[in-house]
Structure formats: C-alpha cells, structure tokens
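1. Got a predicted structure plus its sequence, pasted below:
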Amino acid sequence: MQRIVIVGAGHAGVQAAASLRDQGFGGAIELVSAENALPYHRPPLSKRFAGGLTDAAIALRPAAFYSAQDISLRRATVVEEIDASEQRLTLSTGEQLAYDQLILATGSRNRRLEVPGEELTGIVSIRNLGDAYRLATSVVIGTRAFVVGAGYLGLEVAAALAKRGVKVTVAASRPLPLGRSVSPDTASVLAAALRDMGIETIVGAGISGFEGNGRRISGVRFADRSLYETDLVIIGIGAMPNVELAQHAGVEVDDGVLVDAALATSAASISAIGDCARVRGIARLESVANATFQARCIAARLCGRPAPAAETPWFWSDIGDLKLKMVGLRQPDDVVRTLTADGGHVALCFRNGELAAVETINANRIHVAARRILDAGVQLGVDAVCAPDFDMVAHAKSLAARPIEASRAA
Amino acid sequence: MIEISFTEADGNTRTLSAESGGTLLNAILGAGIKGIVAECGGGCSCGTCHVHVARDWTDRLPAPADDETDMLSLAEGVTEQSRLACQIRLVPELNGLSVALPGAA
C-alpha cells in the first residue's frame, strides 16, 4: 500500500490530507505534527485571543474527522531527519517512518529581535496556541502593552488589546502601518483608525534591549538609552520559513523550500506546500489561501488528477472592527486610485493600466467582486473602472459563473 | 445530539450527528463531506462554506449578519436558501435541519 507522509499539521498539511481523501487516495496518510493540540486555525490567535479561544472552536477539523478519514495524526512528534535516498524519516519517538511520497508543510516561525532580555517573562510572540493563551492571561486592569512591529500580527494584537482597555504603543519601522504590504492610501486610512483606537505609534525607534524586574519585563530600552516602561511586549516582526529539515536532507532551499510549478522540490518524491515553500522565480507567500490552494494542488497531482483552477492570491486581516482584505499582489509601482464604496475604503491598484490588485477596508462586497473579476482573468483598464457609472459588483455578476466544481471541489 | 440531513454534491443524502453548541461547519467537516474547504475558520472571511438550507428551515434560523450576506453576494449558485455553514450555530431547535451543497442534484 502506498504511504504519503505529511510533515506539519497547519492549514497546508491538514488540507493536503483532506484533499488526498477527497481525490480518492486509498493508501496510508501519516500526518505528523510537532504540536500536541488538535490541529487548529492560526489566524484567530492574534485576532480573537482575548475572547477566550477554546480548542474545539478553533480546530481545523473536529477530532472525529481524522479517524473517519483514516488519517493517522501523530501529535507531539517531531521529524528529526529525512533520509531522501532511502525515503525514510526518523521521528522524535525513535521510530523510522518510510514514505512513498513526502509532503513538507513545516510552516514558518516568528523572527526574533535578537536583543538582550528577549527571554523575559511578559514578552510574547504569537505563533501557537500556547502563545495566545499566555497573552490572554497576561492582561489585567492597567496593563500597558508595547507592540514591536506594525505588520498584520502586531496591528491585530494591538487593536484587540486596545479594545480591552489596554494602553498600547506600537513601534513601527516605517512611517505608515503595514507599509510593506498595502498601498500608502490604505495604510493612511489604517493609521487614522489606529489613532482613533487610542493606539500610539512610535516610528523608527531602534530597540536595544529589554529590562526586567527580576525575570519579568519592566521596560523597553531604546538605542538612545531612553527607557519606556511597559508590562507586556508583543513581538511581530515577520516570519521565516522552516527549511532546516529539508536543507539537512540536501533539498534545495532559498527563502523557502524551492519547488517548481507542480510543487515538487529538488529531491525525488518530496514536495513542499504552504508558508515553508517558495515557487521558483516568485516571492514566497504566507497566507491561509495559498496554503490550502497548494494543498489541493498537491493532492490532485499525487492522485493523477488535473490541478484546480488558479486563484488570485488573497489575504485578510481583522484589525479591531476593520476588515481588511486584499486580492492580487500589489507592487510598489502600481498606480493607486481610491474610492469610497459599499460604506468602506477601496484602493484599486493598476499595473500597465490594468486592474491588478484591490484592497478594501469594510467593503466586503467589493472584495468579493474583485476576486471574481481577477480570478476570471478579465482585463479592466483605469478608465473603465474609474468611470462614474462603473459598478464592480454588477460587473462581477455579469461574468460567466465559474463552474462550482472548478472553484470549490478537490 | 443534533441530527442534520446533508445532501452532498453527488446528490446522496446522509445524516450527520453533532453536539449542540458547535457550528454547522464543524459538523460538516467532522463528517468528511467533500467540496467544503472552509479556509478562514469561521471568521466569515472566505465564503467557502456555502450551503443551501432547505426551504422549510430558512425562516427558523437567525437572519444572516451583513458580513455573511456580503460574502454570499457573489457566491456560485447563490439563492434565498444560501447560508455560510460557519455562521450557523447548532442549537437543539435545529434538530432535523436539512441542508445541501450548492449544485447538489
């Protein structure tokens, strides 16, 4: 019997297992997770940690799913080594596990600041369920929080803390929040919203270390030697792909495990998907949509089925009451036009005169319409989209409906 | 336990059992129904858990919030019976609920 081993049980790994069964794979599926918890959704950790996350509420699938689908889920098990020539793994349990096909879905880990004092209690970087619990239980009346990084994670946490009455300061490296990810137009709207939430932003302050009162954080030391007193620090300065396991096995890596368009690595019978993988020639994507899409693609390939229809990359972030959504990959040189529609903010990003990406804040209808239009590969010029009578939703509705099978199944 | 009658894409109907208090989505995922991806984890952000609720049940569910209506606005096969499974909380009154995947025969 064929055996497919999946390393990592985040969105990518679990969806790959589910899609393999959906596609009719009848062999053995081993899903190896370093974590002990039932595999769970990560996005709520930085968005809804304050609301009391329960294991069942954020599980990717109920426990019954794994047994019903005959997926062997090995929790709290680390893959120590890949022997690519023998097609065999060594597990932390001491066991050897042979594979016919190996799918690496090892994800990414948070970057560290690498400054003195980073190990103090009260400094949190959210990646796993334990981090979210630690953060949720760190907040009491009068807590002051210092968030390092104005990316998605930092802003989501900052907004959630501010909502609980925590005095929050965000240390950003650029003048505008999410400066690397969204257009300056959308970032300006966010900046104003953060001020309205009572969140203070410090720009460009180099952090030289953290000071403690005993083992507990008491302040942030800046490069100019000034001290900022705080009770809680959240570090959200980006993530790096977990490539070491692949690298030690001789698999080619470069900001991710390198894969071709079919998600195959440089080693025979080893594929990589999700945050840990980078398709040669393009930037690595960290998103749930990318992880689950690649999972469906790899399952289709391993089952000898056609690949699912391509999807325009999309992302979402909930920053307090702001529902930020992006579809398409914005480039710094894109020409941006903004408008107010559907009661929210819309930034249209044009490249070579054609619509290439759309950012929305609290304008979900426009986001859904833009996704439909970009997925359909319909070219839309600046003049057409910015005409006074253009209706994005009506335009999307007029497109021939994509067959349900192509967009949803697999 | 709550029993739900679920019609899959191929037209076959099966009965799912779920604990009260969870979401319809969790019940569907637990049963290994094909064709439901559910990317966002109940955040009402992705629109990939679209189901059709049987006509005699639509009025017995709490009305959808704006977010849900927006996500469904352009979903494939959207009808007056369309809902997102992640937004339907299973309470004892919903025992016997009947839903189908859009496109089910």
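-> Ah, there it is.
2. Run through the residues of chain B sitting next to chain A.
-> Residues of chain B found near chain A (CB under 8 Å from any CB of the partner chain) are B:9, B:22, B:26-27, B:29-32, B:34-37, B:39-43, B:45-48, B:50, B:67, B:70-71, B:73-74, B:76-77, B:102-103. All C-beta spots, glycine's among them, are computed from the backbone N, C-alpha and C.
3. among these, which are in strands?
-> residue B:50 (DSSP state E).
4. now the lengthiest helix in chain A, how far from the chain's geometric center?
-> Across chain A, the longest stretch assigned as helix under DSSP state H is helix A:288-302. Put simply, helix A:288-302 sits 15 Å off its chain's centre (CA atoms, centre = their mean, to the nearest Å).
5. helices or strands up against that helix?
-> helix A:11-22, strand A:270-272 (3 or more CB pairs under 8 Å, 6 or more residues apart in numbering or on different chains; DSSP states H and E).
6. how does it look with 10 Å?
-> Helix A:288-302 is packed against strand A:3-7, helix A:11-22, strand A:101-104, strand A:270-272, strand A:277-279, strand A:314-319, with contacts defined by 3 or more CB pairs under 10 Å, 6 or more residues apart in numbering or on different chains; DSSP states H and E.
7. Same list (the ones you listed) but as JSON lines, adding mean pLDDT.
-> Output for the helices and strands packed on helix A:288-302, formatted as JSON lines (pLDDT from 0 to 100):
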{"stretch": "strand A:3-7", "mean pLDDT": "98"}
{"stretch": "helix A:11-22", "mean pLDDT": "95"}
{"stretch": "strand A:101-104", "mean pLDDT": "98"}
{"stretch": "strand A:270-272", "mean pLDDT": "98"}
{"stretch": "strand A:277-279", "mean pLDDT": "98"}
{"stretch": "strand A:314-319", "mean pLDDT": "93"}
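8. Of the residues of chain B next to chain A, select the buried ones using a PyMOL command.
-> The following PyMOL line selects those of those that are buried, judged by 16 or more other CB atoms under 10 Å in any protein chain shown:
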select buried, chain B and resi 9+22+26+27+29+30+31+32+34+35+36+37+39+40+41+42+43+45+46+47+48+50+67+70+71+73+74+76+77+102+103
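9. quick one: low-confidence parts of the chain?
-> Defaulting to chain A. A:50-52, A:400-410 (pLDDT under 70).
10. other chain: chain B
-> Counting by pLDDT under 70, chain B has low-confidence residues at B:41, B:105.
11. for it, what spans make up the helices?
-> With DSSP H as the criterion, chain B has helices spanning B:24-30, B:55-58, B:66-72.
12. And residue A:349, how close does it get to residue A:337?
-> 8 Å (CB to CB, to the nearest Å).
13. which neighbours do these two share?
-> A:183, A:185, A:355 (CB atoms under 10 Å, 6 or more residues apart in numbering or on different chains).
14. And the residues you listed, which is closest to chain B?
-> When the shared contacts of residue A:349 and residue A:337 are compared for distance to chain B (CB to the nearest CB), residue A:355 comes out closest, at 16.2 Å.
15. name the element the closest one belongs to?
-> strand A:354-361 (DSSP states H and E).
16. how close does residue A:337 get to residue A:302?
-> Note on residue A:337: its distance to residue A:302, by CB to CB, is 43 Å.
17. what about these two, which has more around it?
-> residue A:302 (22 against 15; other CB atoms under 10 Å in any protein chain shown).
18. so that one sits right up against residue A:25, yeah?
-> Yes. In this structure residue A:302 lies within contact range of residue A:25 using CB atoms under 10 Å: 6.9 Å.
19. Between the two, which contacts overlap?
-> Common neighbours of residue A:302 and residue A:25 (criterion: CB under 10 Å, 6+ apart): A:2, A:4, A:19, A:101.
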